[in-house]
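>>> Provide a 3D model corresponding to the input given below.
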Amino acid sequence: MPVNRLLSRGILLAVSLALNAPLVPAVAQTQNIELPSLGEVAADDLSPSNERKLGEAIMRQVRRDPSYLDDPDTRDYLNNLGFQLVSNSPARYTDFQFFAIRDSTLNAFALLGGFIGVHTGLVLTAQSESELASVLGHEIGHIAQRHVARMLSRQKESTAIAIGALLLALLAARSGSSSSGALTEAAIMGGQAAALQTQLNFSREAEREADRIGFQILVDAGYDARAMSTFFGRMQQGTRVYESAAPEYLRTHPITSDRMADIQSRLRDTRTRQRADSLDFQLVRARLRVLQEDTVQGARDALTYFEAALRPEASGSDAASYYGLAVAHLKLGQADAAAAAAQNARNRTKATSPMLDKLVSETRFVAAKSPEAQASAVALARDTTARFPVSRLTALHYADLLQRSGRHDEMVNYLREQLAIPRSDTAYYSLLARSYATLNKRTLQHQATAEAYLQYGATQAAIEQLNLARRANDADYYVLSEVDARLRELQQRLKEERIEAGKERRPAEEKKK
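All right, here's what the predicted structure looks like:
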């Protein structure tokens, strides 16, 4: 099993504090596992900048995992909801990023440096947007209180060994092999059981503290605080199903009766309010019902589900059901049916939604039978960007349709002037690189590709692309100057990375030698 499959599963408890992560022992092939260097964390407290650095290194691995859901609509929704909560938290100045993992289990987790992952199963299980917000608020609380860094500080003498053993063991978790149990236990044991138990004990303390912070975030952001009690109660019951499957020293109940009692006490002292779910919450749940299973059969099952949901006797949102129907048809390559379902979804709600409007233009584009119909779909996408001028989702979609319709110069001009898309977005550079390649602008193509590689932490590959850009030599003096400056910067960065990894000596050490 390659590392990418394992990281999104195993790293959750090893370098994060999971809300409720039942562990099922499994196997891992330990070769080729690329883990971020912990540097001097065993001797010094982990600074916020080092936290972020480690978090970004972990995320580079997570993004390579097949279960990492690289879906712009889901990412956009989770970040919009997350930012509402972050703005009402003690960590409002931290750079948070929220992402989805394609996994039916009910879980969310906080990584070092402000990264929060959400299992698709959690979103589907949440019965209201306030319930989902309560989980995200809890995870924001972990990051606000720097629980992982504090955990490492408590274990200065054994941090490197303990984390190394945990990573190895938990990267092995849940890969599905029949021999997984023995290998996972062997990885965990070997003198690390005591260190593991210390971390689990600290995790219980951290859970109570994250509850306190998360509860206040929920109240201040205007969500129904009662949702924390109801949702956590359901998760507490779900945990018991997995208890017997984990080794003795991994058995822990993050959601304890003490925690539930504390939440109930806070509820008695707080004025709560009901809050209606947003249309986008309903849409993202419908979307994830289709995308959670990355198979044709999964799409067919979702199609059956939404067809049943639209029967007269069924209850629920017609707009969301038609939206899910459209996503399922689109995944199955049924363009006309997808376009009809998307328009039905649009007709059944007066609420505005970039997710819904994006799907309408996408399905029309795919179903277009003539250049005129295709151009009409692109124009609809352009109008959507005007209605949602700060939406990264709609901006990327419009650029994508311009590119797919062969309007590459127009796409490049639009993208380079677009402020809604951060330059840290890999899709920004990928779109530019493809259009530059079609326009035969090789220097610009390789320059954009280099920036895309950098977003994945592939410094060496980025340097190779910049060298190709330099040799292409088909741009003006200013672009070539940019390439040269970036090349020198990355060569220095690569050298520093190798020094940190112990693959090169520092200049002073070379002189002594």
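>>> what about I116, neighbour count?
I116 has 24 neighbouring residues, counting by other Cβ atoms under 10 Å. Bear in mind the C-beta positions are built from the backbone N, C-alpha and C, glycine included.
>>> R434 touches Q403, doesn't it?
Yes: contact criterion Cβ atoms under 8 Å: R434 and Q403 qualify, at 6.4 Å.
>>> what segments of the stretch 301-450 of the chain are helices?
In the stretch 301-450 of the chain, helices defined by DSSP state H, counting those that start in this stretch lie at 318-331, 335-347, 354-367, 371-387, 392-404, 408-417, 426-438, 442-455, listed in chain order.
>>> make CSV out of these and add mean pLDDT, distance to L69 and mean neighbour count.
Formatted as CSV, those follow (pLDDT from 0 to 100; distance: least, Cβ to Cβ, whole Å; neighbours: other Cβ atoms under 10 Å):
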stretch, mean pLDDT, distance to L69, mean neighbour count
helix 318-331, 96, 13, 25
helix 335-347, 97, 20, 20
helix 354-367, 97, 15, 23
helix 371-387, 97, 23, 16
helix 392-404, 97, 15, 22
helix 408-417, 95, 24, 16
helix 426-438, 96, 14, 20
helix 442-455, 95, 17, 22
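>>> tell me which of these sits nearest to K53.
Each of the helices of the stretch 301-450 of the chain has some distance to K53 by Cβ to Cβ; the shortest is helix 442-455, at 14.5 Å.
>>> for S370, what are phi and psi?
phi -150, psi 160 (degrees, to the nearest 10).
>>> repeat for A110
According to degrees, to the nearest 10, A110 has phi -110, psi 130.
>>> these two touch, right, it and H142?
Yes: with contact defined as Cβ under 8 Å, A110 counts as touching H142 (4.1 Å).
>>> which of the helices of the stretch 301-450 of the chain sits closest to R311?
helix 318-331 (9.8 Å).
>>> now for that closest one, which elements pack on it?
On a contact count with 3 or more Cβ pairs under 8 Å, 6 or more residues apart in numbering; DSSP states H and E, helix 318-331 meets helix 279-291, helix 296-309, helix 335-347, helix 354-367.
>>> okay if I get the ones you listed as TSV plus distance to T394?
Output for those, formatted as TSV (distance: least, Cβ to Cβ, whole Å):
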stretch	distance to T394
helix 279-291	13
helix 296-309	24
helix 335-347	15
helix 354-367	5
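>>> out of those, which is closest to Q264?
That would be helix 279-291 among those, by Cβ to Cβ, at 25.4 Å.
>>> contacts for the closest one, please.
By Cβ atoms under 8 Å, 6 or more residues apart in numbering, the list of residues contacting helix 279-291 from outside reads 69, 71, 73-74, 77-78, 80-81, 100, 102, 120, 123-124, 126, 129, 132, 298-299, 302, 305-306, 317, 319-321, 323-324, 327-328, 331, 349, 351, 353, 355-356.
>>> next one: stretch 396-415
So stretch 396-415 is contacted by 72, 358, 361-362, 365, 374-375, 377-378, 381-382, 384-385, 418, 421, 425, 427-428, 431-432, 434-436, 438-439 (Cβ under 8 Å, 6+ apart).
>>> run through the helices of the stretch 51-200 of the chain in chain order.
Using DSSP H, counting those that start in this stretch, helices in the stretch 51-200 of the chain cover 72-86, 120-125, 129-144, 147-154, 159-171, 180-188, 193-220.
>>> what residues are up against the residue lying closest to Y398 once chain neighbours are set aside?
Counting by Cβ to Cβ, 6 or more residues apart in numbering, Y398 lies nearest to A381, which is 4.4 Å off, once chain neighbours are set aside. Residues in contact with A381 (Cβ under 8 Å, 6+ apart) are 358, 361-362, 365, 394, 397-398, 401.
>>> mind picking the two most distant members of these?
The span of the contacts of A381, defined through Cβ to Cβ, is set by F365 and T394 at 13.7 Å.
>>> wait, what's in contact with the residue nearest to Q418 when sequence neighbours are not counted?
Among residues not flanking Q418 along the chain, A395 sits closest, at 5.3 Å (Cβ to Cβ, 6+ apart). A395 makes contacts with 385, 418, 420-421, as judged by Cβ under 8 Å, 6+ apart.
>>> format those as TSV; extra columns: distance to A221.
Listed next are the contacts of A395 as TSV, based on distance: Cβ to Cβ, whole Å:
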residue	distance to A221
T385	28
Q418	29
A420	23
I421	26
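>>> can you flag the buried ones in the residues you listed?
385, 418, 421 (16 or more other Cβ atoms under 10 Å).
>>> and Q274, helix, strand or coil?
Three-state assignment for Q274 (DSSP: H, G, I helix; E, B strand; the rest coil): coil.
>>> spatially nearest residue to it, not counting backbone neighbours?
D224 (5.7 Å).
>>> that neighbour - how many residues pack around it?
20.
>>> was I right to think it contacts R271?
No: using Cβ under 8 Å as the test, D224 is too far from R271 to be in contact (11.3 Å).
>>> which neighbours do those two have in common?
With contacts taken as Cβ under 8 Å, 6+ apart, D224 and R271 have no neighbour in common.
>>> how near is the most centrally placed residue in the chain to V479?
The chain has F99 as the residue nearest its centroid, 1.7 Å off, counting by Cα atoms, centre = their mean. Plainly put, F99 is 33 Å away from V479 if you go by Cβ to Cβ, to the nearest Å.
>>> again, but for A345
A345 is 44 Å from V479, by Cβ to Cβ.
>>> now S87
S87 is 39 Å from V479, by Cβ to Cβ.
>>> looking at the two, which is more packed in?
Neighbour totals were compared for S87 and V479, and V479 leads with 15 against 12 (other Cβ under 10 Å).
>>> OK, contacts around F365?
374, 377-378, 381, 401, 404-405.
>>> now stretch 455-468: buried residues?
Buried-residue list, stretch 455-468, by 16+ other Cβ under 10 Å: 455, 457, 459, 462-463, 465-466, 468.
>>> and the contacts of that stretch?
By Cβ under 8 Å, 6+ apart, stretch 455-468 touches 56-57, 60, 63-64, 424-426, 429, 442, 446-447, 449-451, 453-454, 483, 486-487, 490-491, 493-494, 497.
>>> let's go with 6 Å and repeat that
60, 426, 446, 449-450, 453-454, 483, 487, 490, 493-494 (Cβ atoms under 6 Å, 6 or more residues apart in numbering).
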